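In: no sequence on this one, just coordinates:
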Ligand SMILES: *Cc1c(COP(=O)(O)O)cnc(C)c1O
């Protein structure tokens, strides 16, 4: 794609069809009876929760009326409130506590009215929540996160029955699920994952038997989903995989995931400089030869890390251009010495949607000494999120786009699923 956006803005381009494709890869990996809860926290891993939730609720990749996933999950009530009008159940994973402090109560009332499932890990949180629900004259669904070894959020196994008794004793609470989270699932078949799963079964088999068919259990994130089929239980909770990134943090050609996000920006200036010219704060780079310096209107305030200074590269007209000098808050400079003909308005790709691209998210994560999750989550709110494939009806009306998109090899949904 070489769309000129001479007056363009840095943009995150989101492919709906890639997202739907990944959802169907997830469906194909699990049994038909297993449900899929799409993790949309942190603005859908930086992809834009509004676009992602809308796609997963209202589009279908196979023309059927079954939505591509069965539920959406976020971390906080604020994130749930920021979702568009969604038709799927919403689960909030951050454990409730301090219900009567600050604005928590008002948020809870909203959560209860909207029917979101909330997470509780202590009897006191369950008690407080039951009182708020009672005052709203509404039952609220609660799920219990069990700590089976992660030692982070969750009720320790030896306190579980006390918590379940508390929940059962409050008619305004409805036990909606039991879950746990793995510490080592991304390591592939790991004995500690097996151990956590065994502990989860031991702690919950009996109560599940008492609630035949009514108490779903879930544990698997993307890594559990692919590496640990026994962990699928009643529902899986993929985040990263839906966004097309392999949970091994390396591209994996055995799993046909398609990255959903591409991050571009226009080249806003090109300047010829003489050999020896210093570039940027601290003059950390001097031109080793006469060359041309390109200016990209993206900086660390947008989530393009300062550690990329003199380390990362971008793509311009399909050629690699190294980041030279320091990445600053709003601007980044690149050496266009090897990119002939680059001019103002050309599209710069900061993060490519091809898993094997030299500027893939895997590569950026390596440069930033982190994992793809963090690269995505750091992309700031200043960068506009835009649907590119298939074009949104509203967008194509309001916005002229020059370049043809490459045809997807997968079926592109022609219509929104009719809601209501
Ligand atoms: C973030 C999160 C997930 C999703 O993890 P991925 O590795 O992105 O699939 C699943 N479950 C819980 C509880 C989470 O917090």
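Out: That came through fine. Because the structure is predicted, anything quoted here is derived from the model rather than measured.
In: what is the end-to-end distance of stretch 260-273?
Out: Start-to-end span of stretch 260-273 (Cα to Cα, to the nearest Å) is 37 Å.
In: quick check: mean pLDDT across that stretch?
Out: In this model, stretch 260-273 has a mean pLDDT of 97.
In: tell me if it is near the ligand.
Out: No: figure legend: stretch 260-273 not in contact with the ligand (Cβ under 6 Å from any ligand atom); closest approach 12.9 Å. No exception for glycine: its C-beta is placed from N, CA and C like everyone else's.
In: how far away is residue 294 from the ligand?
Out: 34 Å (Cβ to the nearest ligand atom, to the nearest Å).
In: part of a strand, is that residue?
Out: Yes: looking at residue 294 with DSSP: H, G, I helix; E, B strand; the rest coil, it is inside a strand.
In: how about the helices in the stretch 251-400 of the chain?
Out: Ranges of helices within the stretch 251-400 of the chain are 361-367, 372-378, 393-398, based on DSSP state H, counting those that start in this stretch.
In: so is the first one next to the ligand?
Out: No: contact check for helix 361-367 against the ligand, using Cβ under 6 Å from any ligand atom: none in range, with a minimum separation of 12.9 Å.
In: residues making contact with that helix?
Out: 245, 249-251, 259, 261, 305, 307-308, 311-312, 351, 355, 357, 371-372, 374-376 (Cβ atoms under 8 Å, 6 or more residues apart in numbering).
In: point me to the residue of the stretch 1-150 of the chain nearest the ligand.
Out: residue 39 (4.1 Å; Cβ to the nearest ligand atom).
In: picking up where we left off before, nearest to residue 23, out of the helices of the stretch 251-400 of the chain?
Out: With Cβ to Cβ as the criterion, residue 23 lies closest to helix 372-378 of these, at 17.4 Å.
In: check whether that closest one comes near the ligand.
Out: No: on the criterion Cβ under 6 Å from any ligand atom, helix 372-378 is out of touch with the ligand, staying 6.5 Å away.
In: circling back to that earlier point, as JSON lines, the helices of the stretch 251-400 of the chain with mean pLDDT and mean neighbour count would be great.
Out: Shown next, in JSON lines, are the helices of the stretch 251-400 of the chain (pLDDT from 0 to 100; neighbours: other Cβ atoms under 10 Å):
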{"stretch": "helix 361-367", "mean pLDDT": "98", "mean neighbour count": "20"}
{"stretch": "helix 372-378", "mean pLDDT": "98", "mean neighbour count": "21"}
{"stretch": "helix 393-398", "mean pLDDT": "36", "mean neighbour count": "10"}
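In: just put the ones you listed in JSON lines and tack on distance to residue 317.
Out: Putting those into JSON lines (distance: least, Cβ to Cβ, whole Å) gives the following:
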{"stretch": "helix 361-367", "distance to residue 317": "19"}
{"stretch": "helix 372-378", "distance to residue 317": "23"}
{"stretch": "helix 393-398", "distance to residue 317": "25"}
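In: can you say which of the ones you listed is nearest to residue 241?
Out: helix 372-378 (11.2 Å).
In: how far does that closest one sit from its chain's centre?
Out: Distance, stretch centre to chain centre, for helix 372-378: 9 Å (Cα atoms, centre = their mean, to the nearest Å).
In: do the same with stretch 103-120
Out: Using Cα atoms, centre = their mean, the distance from the centre of stretch 103-120 to the centre of the chain it belongs to is 23 Å.
In: and if you look at stretch 123-134?
Out: Put simply, stretch 123-134 sits 30 Å off its chain's centre (Cα atoms, centre = their mean).
In: so for it, what gets flagged as buried?
Out: If you call a residue buried by 16 or more other Cβ atoms under 10 Å, then stretch 123-134 has these buried ones: 123, 125, 126, 127, 128, 129, 130, 132, 133, 134.
In: show me the contacts for the closest residue to the fifth one other than its chain neighbours.
Out: Pointing back at residue 128 there. Using Cβ to Cβ, 6 or more residues apart in numbering and skipping residues adjacent in sequence, the residue nearest residue 128 is residue 99, 3.7 Å away. Applying Cβ under 8 Å, 6+ apart to residue 99 gives the contacts 105, 108, 125, 128, 129, 132.
In: now with 10 Å?
Out: 105, 107-108, 120, 124-132 (Cβ atoms under 10 Å, 6 or more residues apart in numbering).
In: does the residue nearest to residue 61 when sequence neighbours are not counted sit in a helix or strand, and which one?
Out: Spatial nearest neighbour of residue 61, chain neighbours left out: residue 20 (3.6 Å); criterion: Cβ to Cβ, 6+ apart. Using DSSP states H and E, residue 20 maps to helix 16-29.
In: what residues does the stretch 1-150 of the chain have near the ligand?
Out: Going by Cβ under 6 Å from any ligand atom, the residues of the stretch 1-150 of the chain near the ligand are 39, 41, 93.
In: show me those residues that map onto strands.
Out: 39, 93 (DSSP state E).
In: show me which of the residues of the stretch 1-150 of the chain next to the ligand is closest to residue 344.
Out: Of these, the one sitting nearest to residue 344 (Cβ to Cβ) turns out to be residue 41, at 37.9 Å.
In: so what's that closest one up against?
Out: So residue 41 contacts 49, 72-76, 79-80, 92-94, 239, 377 (Cβ under 10 Å, 6+ apart).
In: do that again at 6 Å, thanks
Out: Contacts for residue 41 (Cβ atoms under 6 Å, 6 or more residues apart in numbering) come out as 74, 75, 79.
In: how many neighbours does the one residue in the stretch 101-250 of the chain that gets nearest to the ligand have?
Out: Using Cβ to the nearest ligand atom, the closest approach of the stretch 101-250 of the chain to the ligand is made by residue 239 at 2.6 Å. Here the number of neighbours of residue 239 (other Cβ atoms under 10 Å) works out to 21.
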